[in-house]
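[1] attaching a predicted model along with its sequence, questions to come.
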Amino acid sequence: MTVTHHVLRRGAAAGALLIGLFGPAISQAAQVHHAGELSYVCGGVGEDDLKALQALAPQFNLGFWMVEGPRGAYLADVPIRILQQGRTLASFTADGPLCYVQAPKGSYTIEGTHRGQTHKITVQTGNKNAYLRW
């Protein structure tokens, strides 16, 4: 019985250590925001954050990357607007190069501004690999 208790205490301590080490990265990636009928999460700065964010992909039905140049360098801190039929549904600053959105089925315009240039793409729900490129 003492061996089992000792093993459980050791396992609990290891679990607490892992949560302490990885909890902030996971919680940052997991901050889902809501705007009307839309939910969204952005991030992906750093490999661990990107992996944690990509693990959330099944919960969303739309995704897009923000990249720059011919090699597709990742962008962060990009002001984003999500529109449908000219009406703004959400407006936020993406804190990483990857955003996932849960939205009612349909077509959406994603508009981003980087270095004073505004670019737009039109995406359908179901597409999780669109690129907003500068």
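    Perfect, I can see it now.
[2] my read: Ser39 touches Phe92, true?
    No: between Ser39 and Phe92 there is no contact under CB atoms under 8 Å: 11.6 Å. Where you see a C-beta, it was placed from the backbone N, CA and C, and this is true even at glycine.
[3] and for the two, which residues touch both?
    His33 (CB atoms under 8 Å, 6 or more residues apart in numbering).
[4] quick one: the helices in this protein, in order.
    2-29, 47-54 (DSSP state H).
[5] between the ones you listed, which gets the lowest average pLDDT?
    When the helices of the chain are compared by mean pLDDT, helix 2-29 comes last with a mean of 41.
[6] list the contacts for the residue positioned nearest the centre of the chain?
    Nearest to the mean C-alpha position of the chain, by CA atoms, centre = their mean, lies Cys42 at 2.7 Å. Each residue near Cys42 by CB under 8 Å, 6+ apart is listed here: Leu53, Ile80, Phe92, Ala94, Asp95, Gly96, Leu98, Cys99, Tyr100.
[7] of the residues you listed, grab the buried ones for PyMOL.
    Applying 16 or more other CB atoms under 10 Å to the contacts of Cys42 leaves a buried subset, and the PyMOL line that selects it is:
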select buried, resi 53+80+94+95+96+98+99+100
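[8] and the strands in the protein?
    Ranges of strands in the chain, per DSSP state E, are 33-35, 38-43, 62-68, 73-74, 78-84, 87-94, 98-102, 107-114, 117-124, 130-133.
[9] mean pLDDT and distance to Asp49 added to those, as JSON lines?
    Listed next are these as JSON lines, based on pLDDT from 0 to 100; distance: least, CB to CB, whole Å:
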{"stretch": "strand 33-35", "mean pLDDT": "95", "distance to Asp49": "16"}
{"stretch": "strand 38-43", "mean pLDDT": "96", "distance to Asp49": "5"}
{"stretch": "strand 62-68", "mean pLDDT": "97", "distance to Asp49": "14"}
{"stretch": "strand 73-74", "mean pLDDT": "96", "distance to Asp49": "11"}
{"stretch": "strand 78-84", "mean pLDDT": "98", "distance to Asp49": "16"}
{"stretch": "strand 87-94", "mean pLDDT": "97", "distance to Asp49": "13"}
{"stretch": "strand 98-102", "mean pLDDT": "98", "distance to Asp49": "9"}
{"stretch": "strand 107-114", "mean pLDDT": "98", "distance to Asp49": "19"}
{"stretch": "strand 117-124", "mean pLDDT": "98", "distance to Asp49": "23"}
{"stretch": "strand 130-133", "mean pLDDT": "97", "distance to Asp49": "19"}
